[in-house]
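In: the following comprises the amino acid sequence and a computationally predicted model.
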Amino acid sequence: MPMLIKAPKDFWSGMIFVAFGVGFVAVAREYPMGSALEMGAAYFPTLVGGLLAIMGVVLVGSSTVKAGEAIGHIGIRIPFLVVGALVLFGYLLDWLGLIPAIIALIFVGSAGGHEFRFWEVLIFALVVAAMAVGIFSFVLGVPLKLGPQL
């Protein structure tokens, strides 16, 4: 008997969760697991991957029971901008420092949204950059380059 999918959005979301969860668990198998008291490198990715996979199975199962939305238009602009913002952050962090990298990350990532208000994004970027400097430099003492000359 074929499985009838009543909620395609939930079905494919669940399949993506299962794929990422299984992927995390598969990659984590290369590292030592440890125990709950002495966690190894594989402990957290295995736990998160397992939870993602379980959540995905629940979504896939529920997509056959309850009706839901069909999948609409899938645009490439938003994922491209979000992934591009992360890649840009990684590149700028080493080249220009933490503050410009965070500001660029937030501006490029915000451009992927439906509404872009320059002043709101600028204030948010400056607040996040200040918080990151405070946390990483002052609280944690991580030796990060803050800007081009800092």
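Out: Everything's here; your move. Note that the structure is predicted; figures quoted are calculated from it, not measured.
In: can you give me the strands for this structure?
Out: In the chain, no segments count as strands under DSSP state E.
In: can you list the domains in it?
Out: 8-62, 77-139 (automatic domain parsing).
In: in a markdown table: these, plus mean pLDDT, distance to G147 and mean neighbour count.
Out: (C-beta placed from N, C-alpha, C; glycine too.) Listed next are the domains of the chain as a markdown table, based on pLDDT from 0 to 100; distance: least, C-beta to C-beta, whole Å; neighbours: other C-beta atoms under 10 Å:
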| stretch | mean pLDDT | distance to G147 | mean neighbour count |
| --- | --- | --- | --- |
| domain 8-62 | 92 | 32 | 15 |
| domain 77-139 | 92 | 4 | 15 |
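In: and of the ones you listed, who's closest to L146?
Out: domain 77-139 (5.0 Å; C-beta to C-beta).
In: hang on, the earlier thing: can you redo the domains of the chain as TSV with distance to E69?
Out: Converted to TSV, the domains of the chain look like this (distance: least, C-beta to C-beta, whole Å):
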stretch	distance to E69
domain 8-62	5
domain 77-139	18
